[in-house]
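Trainee: sequence and predicted structure are below.
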Number of protein chains: 2
Amino acid sequence: MSAPLRIALAGLGTVGTGVIRLIEENSALIARRAGRAIQITAVTARDRSKDRGVDLSAYRWVDDMGELATADDVDVVVELVGGSDGPALTLARETLSNARALVTANKAMIAHHGSELATLAEERNAALKFEAAVAGGIPVIQGLRDGAAANRIDRVYGILNGTCNFILSTMEREGLDFAEVLADAQAKGFAEADPSFDIDGIDAAHKLSILASLSFGSQIDFGGVEARGIRKLLAADIAQANALGYRIRLIGLAEIDGENGSATIFQRVQPCLVPLLHPLAHVMGATNAVVAEGNFSGRLLFQGAGAGDKPTASAVVADLVDIARKEVGPAFSMPCAELEKLPRAASAHRVGKTYLRMLVADRVGVLAEITAAMRDAGLSIESLIQTEASNDGSALIAMVTHAGAEQAINDTLAALAPSDSLLGEPMVMHILGE
Amino acid sequence: MSAPLRIALAGLGTVGTGVIRLIEENSALIARRAGRAIQITAVTARDRSKDRGVDLSAYRWVDDMGELATADDVDVVVELVGGSDGPALTLARETLSNARALVTANKAMIAHHGSELATLAEERNAALKFEAAVAGGIPVIQGLRDGAAANRIDRVYGILNGTCNFILSTMEREGLDFAEVLADAQAKGFAEADPSFDIDGIDAAHKLSILASLSFGSQIDFGGVEARGIRKLLAADIAQANALGYRIRLIGLAEIDGENGSATIFQRVQPCLVPLLHPLAHVMGATNAVVAEGNFSGRLLFQGAGAGDKPTASAVVADLVDIARKEVGPAFSMPCAELEKLPRAASAHRVGKTYLRMLVADRVGVLAEITAAMRDAGLSIESLIQTEASNDGSALIAMVTHAGAEQAINDTLAALAPSDSLLGEPMVMHILGE
């Protein structure tokens, strides 16, 4: 058996301690699978004295994180510090600059600086791996890079944020509005005190930009992801969607629009109505799931725990096993020079069914006003439910349109915007194709 | 870019021609991902003159298949001949003996001779890869070998035969008995003229034995798989299962029983009742799905097309990309010497809920007789439905027991066997835990 692979851990939060527990508990098995032992040599974190529930005495404590990039007894630096910039990015740059392997769970850093880091890794012939950055314990980076490698993939999408899916599942089960479920989730520690990254779709957008690059062979373009969150969802939206045969899920979707030469890339995170026949409709709680559509494989689905110390540690150590086996290729599946810079796609011409929900004044002629605006925009209605929203004189209208262009929805909303029949902003959600 | 990887195809059925189409259609993309071109140099099949709908003129035709194992212009032999023994096995042995890489979609050959071939591959330092042998286009071999590599996996199970799942889904949708759906599927070409390998669970057993070896780090033991098929299922079974909140699926399940040192391996293919909350209940048609439970990853689900020329070709070429990238390790994820020989587990002590269906004479006292036998065996009933089976004086009793040992089921059936109240053999199906 070869010499052990020596790793240093930077960051000892839940994932860092999860990695320590995994490597200790499964060490013999990992050595059999990797062909050599994986050995933690050094660790670092902000606070040395904190009790983390794991024994650190066997590992060299390092006060200066930067030291890990050059230490003699380290083959791989595992960055679990977090944050798109700052100390994490400095450590990543220094580690790769020193021709040393870097494993990270940091989706924000990869989404923002993945191209720079991959180029650096390639120049120095060092491994850069980030399985844990997307969808927790699900080996989807590898699934795209290796398992689907023979395919042209034109579409990748999925449920990429466990907190949102937990909130949506709970809203559905309990019949509660978003704000109530969020408050409860925060009280129980399932959602962050500042939940914006999760519920506004930013976290899912980080992950989507990584999946898109791997799927399409394109340069990562986080800035090109349009992100809409789930803050404005009502219990009534979930109920109406269910009545119409759908579940609401926060879906990150990336797609190639157009053919070779004139291809553009579309990337969006938004709550969608998912038909009950689609497997993503049955993904409950904090679970994540990713679908990739290959031109030969057809639809591939990868599903599992999207977060948590143990699943994320599983993904981190999978990367370490790859490095131990010397099965390491380019970070984004092909050399950086091969990654295409794709222009961002317009969305107005995108065609699909759409869910529209409006709170309106409950008076004569309102429905006529709305349907006239839709007719003028060329949009027809597949199904419509009007219910009394409350006893304050408002009504709730929820409808699903026939397939139409997004431009028609935009035109409808623009025509209705000046009207005082609408109480508050309409809710627009697209319907995921089966 | 390095020199092309030169491959030879043995067998030009639907999968072989699918591989040709894939390599032609996606050649530029594959070269970007693999770092070098993948080039077909030679092909062989039984009948040269047959029109296969692909142009073979660019490839050297070889009459004697054995020649591929030694030809100068071949780096990898792709075996798509099929059959556990005979020409496929001869070719595999000769190819690996010549220190040449072998890619195969042949589940029967790997299930029966995988250990021998892996040992040979290891001795000659040649790659042996078989992603296409299990679950068609789903990259589950790689998911277990790489993605879940950090985990102790104690349980792997799934829907491994598309024909059976297609038949079961159709029985459910149409309310038909097994025999009717099979006849229709055969007429339409979805099922083989001799469907025994599929419907008796043999094909799923081949795949299960491969998944078990990869998951557990154990020597492959196809002979240890107990296989029960779906021939005896009635439309009434599906209907009763639905009424009780379950769908019926043919499940291959392998599990480690006991701890290190005294661990044994349990492997069984059988129709099971799957709770609607379980993702496998929502796998419809010819789709396959595999669940692996890792001690850190938790439950991982891989789902996709289980068969067909294009998905299977996707898996074959994924293996070729791995070889082109030189990312090739031991066939069963660890060196053959590391694979444990696990004794086969007994099943009498296995505990779970069970579905029991009996056709009985419709007369006074029959239910008392059955429930007395269950009581004597220590088995209690969670739910029971008795319906008139037909107007011939028989009744159908379907029930789900509380969790009990398989021995109690065996005892109940043994006690009832001599009774003339039972008309025909009872149907026993286990219920998949959530």
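Mentor: Sure, I can see it. All values derive from a computational prediction rather than experimental measurement.

Trainee: what about the closest residue to A:L359 other than its chain neighbours, neighbour count?
Mentor: Among residues not flanking A:L359 along the chain, A:L423 sits closest, at 4.4 Å (CB to CB, 6 or more residues apart in numbering or on different chains). C-beta here means a position set from N, CA and C on the backbone, and glycine is covered the same way. For A:L423, the count of nearby residues is 16 (other CB atoms under 10 Å in any protein chain shown).

Trainee: quick one: pLDDT of the nearest residue to A:P311 once chain neighbours are set aside?
Mentor: Nearest residue to A:P311, sequence neighbours excluded (CB to CB, 6+ apart): A:G137, at 2.7 Å. Per-residue pLDDT puts A:G137 at 94.

Trainee: where's A:G137, which helix or strand?
Mentor: Assigned by DSSP states H and E, A:G137 falls within no helix or strand.

Trainee: find the centremost residue of chain A, please.
Mentor: A:A204 (2.9 Å; CA atoms, centre = their mean).

Trainee: contacts only, for the nearest residue to A:K310 once chain neighbours are set aside.
Mentor: Nearest residue to A:K310 in three dimensions, chain neighbours excluded: B:F296, at 4.4 Å (CB to CB, 6+ apart). Residues near B:F296 by CB atoms under 8 Å, 6 or more residues apart in numbering or on different chains: A:G18, A:L22, A:N26, A:G137, A:K310, A:P311, A:A313, A:S314, A:V317, B:A150, B:N151.

Trainee: what of A:R145?
Mentor: A:L214, A:G329, A:S333.

Trainee: so the first one touches A:P330, yeah?
Mentor: No: taking contacts as CB atoms under 8 Å, A:L214 lies outside contact range of A:P330: 10.3 Å.

Trainee: ok, those two, which is more surrounded?
Mentor: A:L214 (25 against 21).

Trainee: give me phi/psi at the more buried one?
Mentor: Dihedral pair for A:L214: phi -70, psi -40, per degrees, to the nearest 10.

Trainee: before we move on, the earlier item: so which of the contacts of B:F296 is the most crowded?
Mentor: Ranked by the number of neighbours (other CB under 10 Å), those place A:S314 first, at 33 neighbours.

Trainee: does the residue nearest to the centre of chain A belong to a helix or a strand, and which?
Mentor: helix A:202-216.

Trainee: what about that helix, near chain B?
Mentor: No: remark: helix A:202-216 sits outside contact range of chain B, by CB under 8 Å from any CB of the partner chain, the gap being at least 10.0 Å.

Trainee: stretch A:75-88 too?
Mentor: No: judged by CB under 8 Å from any CB, stretch A:75-88 stays clear of chain B, getting no closer than 12.6 Å.

Trainee: residues in contact with that stretch?
Mentor: A:5-13, A:15-16, A:19, A:65, A:68-69, A:89, A:91-92, A:95, A:100-106, A:108-109, A:111-113, A:127, A:316, A:320, A:323.

Trainee: which stretch of helix or strand covers whatever residue of the stretch 201-350 of chain A ends up closest to chain B?
Mentor: Residue of the stretch 201-350 of chain A nearest chain B, by CB to the nearest CB: A:V317 (3.5 Å). Element membership for A:V317 (DSSP H and E) is helix A:309-324.

Trainee: which elements pack onto that helix?
Mentor: In terms of contacts (3 or more CB pairs under 8 Å, 6 or more residues apart in numbering or on different chains; DSSP states H and E), helix A:309-324 is packed against strand A:5-10, helix A:14-25, helix A:27-34, strand A:38-44, strand A:76-79, strand A:101-104, strand A:128-129.

Trainee: contacting residues around A:L68?
Mentor: Here A:L68 is in contact with A:A8, A:A10, A:A42, A:T44, A:V62, A:V74, A:V77, A:L91, A:T95 (CB under 8 Å, 6+ apart).

Trainee: at 7 Å what do you get?
Mentor: A:L68 makes contact with A:A8, A:A10, A:A42, A:T44, A:V62, A:V74, A:V77, A:L91, according to CB atoms under 7 Å, 6 or more residues apart in numbering or on different chains.

Trainee: neighbours around the closest residue to it other than its chain neighbours, how many?
Mentor: In space, and not counting its chain neighbours, A:L68 is closest to A:A8: 4.4 Å by CB to CB, 6+ apart. A:A8 has 27 neighbours, counted by other CB under 10 Å.

Trainee: repeat that for A:Q240.
Mentor: A:Q240: 24 surrounding residues under other CB under 10 Å.

Trainee: can I take it that it is in a helix?
Mentor: Yes: counting by DSSP: H, G, I helix; E, B strand; the rest coil, A:Q240 falls inside a helix.

Trainee: element containing the closest residue to it other than its chain neighbours?
Mentor: Take A:Q240 and drop its neighbours on the chain: the residue closest to it by CB to CB, 6+ apart is A:A398, 3.8 Å away. Following DSSP H and E, the helix or strand that holds A:A398 is strand A:394-401.

Trainee: so what strands line up beside the helix or strand that that strand is followed by?
Mentor: On the C-terminal side of strand A:394-401, the closest following helix or strand by DSSP H and E is strand A:404-405. Using DSSP bridges, strand A:404-405 pairs in its sheet with strand A:351-352 (antiparallel).

Trainee: what's the domain layout of chain A?
Mentor: Annotated domains of chain A cover A:5-133, A:140-305, A:351-431 [automatic domain parsing].

Trainee: export stretch A:100-118 to CSV, keeping only CA atoms.
Mentor: Taking Å, rounded to 0.1, in the frame of the first residue of the first chain, the C-alpha atoms of stretch A:100-118 are listed here in CSV:
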residue,chain,number,x,y,z
ARG,A,100,-1.1,21.4,-3.6
ALA,A,101,-4.5,19.8,-3.8
LEU,A,102,-7.5,21.7,-2.5
VAL,A,103,-10.9,20.2,-1.5
THR,A,104,-13.7,22.6,-0.6
ALA,A,105,-17.4,22.5,0.3
ASN,A,106,-17.5,26.3,-0.4
LYS,A,107,-20.2,26.8,-3.1
ALA,A,108,-20.1,30.6,-2.9
MET,A,109,-16.3,30.7,-3.5
ILE,A,110,-16.6,28.3,-6.4
ALA,A,111,-19.5,30.1,-7.9
HIS,A,112,-17.7,33.5,-7.8
HIS,A,113,-14.0,32.4,-8.3
GLY,A,114,-14.2,28.9,-9.7
SER,A,115,-12.7,29.9,-13.1
GLU,A,116,-9.8,31.6,-11.5
LEU,A,117,-9.1,28.7,-9.1
ALA,A,118,-9.5,26.1,-11.8
